[in-house]
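Enquirer: Sequence first, predicted coordinates after that:
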Amino acid sequence: MLTIETSISRRRAIAALGAFALTAKAAPARKPNVLFFAVDDLRPELNCYGKTWIHSPNIDRIAKDGIVFDRAYCQQAVCSPSRSSLLTGTRPDSTKVWDLVTHFRDGEPNVVTLPEQFKKNGYFVQGLGKIYHPGFDDPQSWSVPWDTAKAPTYAKVKTADIADDDDAKKVKAKGGPAFEAGEVADEFYKDGQVAQMAIEAMRNIAKKPEPFFLAVGMAKPHLPFVSPKKYWDMYDPAKIELARNPYHAEDSPAYALTNSNELRNYSGIPNEGPMPDALARTLKHGYYAAISYTDAQIGKVLNELERLGLKDNTIIVLWGDHGWKLGEHGEWAKHSNVENDTNAPLLLSVPGMKKGIHTNALVEFVDVYPTLCDVAGIPIPSHVEGVSAKPLLSDPKRPWKTAAFSQYPRGKKVMGYSMRTDRYRLTVWLDYKDRARVDAVELYDHQADPEENRNIANLPANKQLVAGLMEQWKKGWQGAKPKV
């Protein structure tokens, strides 16, 4: 028989257990971690983008676990403007970064960057490798100082060090080769060292009570195309096809493209004219090998994420800062508004989402900031000029943006503003000083001409089409937003 005291004690114990259960049930789930890969000069030349000749099994792992954005566009096809735009969530005309010598804090001194927003919302935030453009790091973005590896550029050549990512300055006159197959370990070059730094960082921050945002920047496949020989051996040069359109688009303005100046600064590259076929094939071989080398380093980081048991609660995003021409239009590198340069890879994996999906929706790099905030459950700042692509994760075929926007200047003379719709690319070249004056117009029909080989803007039969697209272009990115 229970005493009154025993009965009271039991009721109190039951009540206490019930309260504990309610508290445990109500306790908020730990926010997801974020593993953020930035890859330099990576165009959508990946197996998961249908380029089956490319060995990219580790990037493909991200694709299999998430979504591939088949039509993602950078806001300016060169390093610093693109990265500044993505990391602030604002466009080049807002950051005032149209070149490689301006820091976004000059144009937007109080902007809250993407990593900074995560830091403000309880994340431990760390950056390694190339995230911002070299020399333009942003200390307030990070919980601990940003860091990177210091590695030699070449294994075979003794020369003054040429920064892998320094296309802001002229490479010392023919200071080094454009490619190298080094008989070295992965860790000899920068990306191999950055991967090891990321692995060590992950081991340390995994012990912390707060979720983490780890940004890992890979330097390849940026010029020079250097990587260990084993990655070159993955490709048969005899099977590497050259660009099918090694010529400028018909009736396009001469200044629409450059003279492949970035590539021509390396030894063994002609100062003018086309690349000989044998050289062009070797350059593509080097680019492919560099992709596979960087892919392997990304795989090492992914393996450690899994080994630590963190994968199931980690958002993974990977992006290339812009596209790249491999002989298309007779040019190499980026620095233009063509599809090859503005279209870049973007992959996203979120715990609990559908796996292995693609979307043909038009998305922009300014959308990365709000999307990551949205899927992580943190506020999206009001300054952001993109929109969250989260609805596409569950419904990749839903109606989305009517256009994506990019731009590129030609010195201080003209600025080309480009609009990519579902079918067309319209580029309007405006006088730099008098933005009301149109200097030239380009129009490409991706249904009939997906390689953008003929500018049809000046054809009399297209006068009405051009007028309609110009009206859409004038409404800008605000007018292209999706109805969410």
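Expert: It's in.

Enquirer: Low-confidence ranges, this structure, go.
Expert: 1-28, 158-175 (pLDDT under 70).

Enquirer: Shouldn't residue 199 be within a helix?
Expert: Yes - with DSSP: H, G, I helix; E, B strand; the rest coil as the criterion, residue 199 is part of a helix.

Enquirer: From residue 42, how far off is it?
Expert: 21 Å (C-beta to C-beta, to the nearest Å). Any C-beta I mention is one placed from the backbone N, CA and C, and that applies to glycine too.

Enquirer: Neighbour count for these two, which is higher?
Expert: Neighbours per residue (other C-beta atoms under 10 Å) separate residue 199 from residue 42, with residue 42 holding more: 29 against 18.

Enquirer: which residues touch residue 53?
Expert: 235, 239, 288 (C-beta atoms under 8 Å, 6 or more residues apart in numbering).

Enquirer: separation between it and residue 118?
Expert: 37 Å.

Enquirer: can you check residue 461 too?
Expert: Using C-beta to C-beta, one gets 51 Å for the distance from residue 461 to residue 118.

Enquirer: Neighbour count for those two, which is higher?
Expert: Neighbours per residue (other C-beta under 10 Å) separate residue 461 from residue 118, with residue 118 holding more: 25 against 7.

Enquirer: How is this structure divided into domains?
Expert: 33-396, 406-480 (automatic domain parsing).

Enquirer: Single out the most deeply packed of those domains.
Expert: domain 33-396 (a mean of 20; mean count of other C-beta atoms under 10 Å).

Enquirer: Start and end of that domain, how far apart?
Expert: Using C-alpha to C-alpha, to the nearest Å, the end-to-end distance of domain 33-396 comes out at 24 Å.

Enquirer: Dump the contacts of residue 53 to TSV, plus secondary structure and distance to residue 251.
Expert: Converted to TSV, those look like this (DSSP: H, G, I helix; E, B strand; the rest coil; distance: C-beta to C-beta, whole Å):
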residue	secondary structure	distance to residue 251
235	coil	36
239	helix	34
288	helix	33
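
Enquirer: how about a markdown table for those, with distance to residue 151 added?
Expert: Below are those laid out as a markdown table (distance: C-beta to C-beta, whole Å):
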| residue | distance to residue 151 |
| --- | --- |
| 235 | 23 |
| 239 | 31 |
| 288 | 21 |
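
Enquirer: Pick the one among those closest to residue 434.
Expert: Distance ranking of the contacts of residue 53 against residue 434, using C-beta to C-beta, places residue 288 first at 44.1 Å.

Enquirer: Report the contact partners of that closest one.
Expert: Contact analysis of residue 288 by C-beta under 8 Å, 6+ apart lists 45, 53, 54, 55, 234, 235, 240.

Enquirer: Can you tell me the closest non-neighbouring residue to residue 225?
Expert: Once flanking residues are discounted, residue 225 sits nearest to residue 286: 3.0 Å by C-beta to C-beta, 6 or more residues apart in numbering.

Enquirer: Can you tell me how far residue 307 is from residue 64?
Expert: Taken as C-beta to C-beta, the span from residue 307 to residue 64 is 19 Å.

Enquirer: Ok, residue 119 next?
Expert: Residue 119 is 30 Å from residue 64, by C-beta to C-beta.

Enquirer: how about the helices of the stretch 351-484 of the chain, start to end?
Expert: 368-376, 390-394, 463-475 (DSSP state H, counting those that start in this stretch).

Enquirer: now, which of the contacts of residue 53 sits nearest residue 415?
Expert: residue 288 (33.5 Å).

Enquirer: now do the same end-to-end measure for stretch 92-112.
Expert: OK, stretch 92-112 end separation, C-alpha to C-alpha: 16 Å.

Enquirer: my bad, should have said stretch 467-484
Expert: 28 Å.

Enquirer: go on, stretch 406-420?
Expert: 8 Å.

Enquirer: Tell me which residues are up against it.
Expert: With C-beta under 8 Å, 6+ apart as the criterion, stretch 406-420 contacts 71, 73-78, 91-93, 98-99, 255-256, 335-337, 339, 342, 362, 403-405, 425-433, 435, 439-440, 469, 472-473.

Enquirer: so of the residues you listed, which ones are in strands?
Expert: 71, 73, 362, 404-405, 425-431, 439-440 (DSSP state E).

Enquirer: Out of the residues you listed, give me the two with the largest separation.
Expert: Between any two of the ones in strands among the contacts of stretch 406-420 (C-beta to C-beta), the greatest distance is 30.0 Å, for 71 and 431.

Enquirer: Do a quick rundown of the strands in the stretch 1-150 of the chain.
Expert: For the stretch 1-150 of the chain, applying DSSP state E, counting those that start in this stretch gives strands covering 33-39, 67-73, 124-129.

Enquirer: elements contacting the last one?
Expert: Counting contacts by 3 or more C-beta pairs under 8 Å, 6 or more residues apart in numbering; DSSP states H and E, the secondary-structure elements packed against strand 124-129 are helix 114-120, helix 190-205, strand 212-218.

Enquirer: Same list (these) but as JSON lines, adding distance to residue 148.
Expert: Converted to JSON lines, these look like this (distance: least, C-beta to C-beta, whole Å):
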{"stretch": "helix 114-120", "distance to residue 148": "15"}
{"stretch": "helix 190-205", "distance to residue 148": "7"}
{"stretch": "strand 212-218", "distance to residue 148": "8"}
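
Enquirer: Please tell me how far the closest residue in space to residue 349 that isn't next to it in sequence sits from residue 359.
Expert: The shortest distance from residue 349 to any non-neighbouring residue, by C-beta to C-beta, 6+ apart, is to residue 66 (3.0 Å). Here residue 66 is placed at a distance of 11 Å from residue 359 (C-beta to C-beta).

Enquirer: Same check on residue 56?
Expert: 19 Å.

Enquirer: which residues of the stretch 101-250 of the chain fall in helices?
Expert: Going by DSSP H, counting those that start in this stretch, the stretch 101-250 of the chain shows helices at 104-107, 114-120, 190-205, 229-232.
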